[in-house]
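Trainee: Below are the sequence and a predicted model; questions follow.
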Amino acid sequence: MAASKAKGWLLPPTFVAATLLGTGLHLSGLDLPASEMVISASVLVLGLLLALGKDLNLWVLAGLGALAGLFHGYAYGEAIIGAEMTPLLAYLLGFGVIQGAIASGVYGLARRCWPEAGTLRLPLRFAGFAILGIGVTLLSAFVLG
């Protein structure tokens with residue numbers, strides 16, 4: 001378990017790389033079906049995982065993060081469809097850097113606030129329930145229209 005915690009820093013760049021890939025898929029004309037529903041479900045799943053308070057395998061988390069990132073990036077691609085190469089590259093670079101900063105900042109904050117698996121687990125679970133509620137709201141808004 002200690003080895004997977006030491007490699008947890010791999011999660012932010014995995015998510016960011018997947019968002020860039022998702023944007024590339026959108027820009028190349030490939031279609032990811034139900035992207036908004038998958039994005040909403042990814043927020044719900046993140047909240048559920050935090051609320052449960054269980055330690056998960058690093059590869060499972062990386063896979064879930066990559067899948068979420070792929071669909072998030074696909075949605076980001078909508079904003080830049082039809083742009084010329086220079087603004088397109090600037091957009092990709094900018095959102096890649098911003099996503100990396102946010103993901104790394106959240107990871108660093110989590111490591112600082114919860115350095116050991118058993119410490120302060122209850123506040124993290126409460127945050128998970130709040131995120132779960134947001135995910136339920138987003139998903140129900142998508143499903144119900």
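Mentor: Yep, that arrived.

Trainee: Longest helix in the protein, by number of residues?
Mentor: helix 85-113 (DSSP state H).

Trainee: now that one, how far from the centre of its chain.
Mentor: 11 Å (Cα atoms, centre = their mean, to the nearest Å).

Trainee: Any buried residues in it, and which?
Mentor: 88, 91-92, 95-96, 99-100, 103, 107 (16 or more other Cβ atoms under 10 Å). To be clear about C-beta, it is placed using only N, CA and C from the backbone, and glycine gets the same treatment.

Trainee: can I get those residues in CSV with pLDDT and distance to residue 20?
Mentor: Shown next, in CSV, are those (pLDDT from 0 to 100; distance: Cβ to Cβ, whole Å):
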residue, pLDDT, distance to residue 20
88, 85, 12
91, 88, 11
92, 87, 6
95, 86, 8
96, 89, 6
99, 87, 8
100, 89, 10
103, 85, 12
107, 80, 18
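
Trainee: hang on, the earlier thing: now the element after the longest helix of the chain, going C-ward?
Mentor: As assigned by DSSP states H and E, the chain's next helix or strand after helix 85-113 is helix 121-144.
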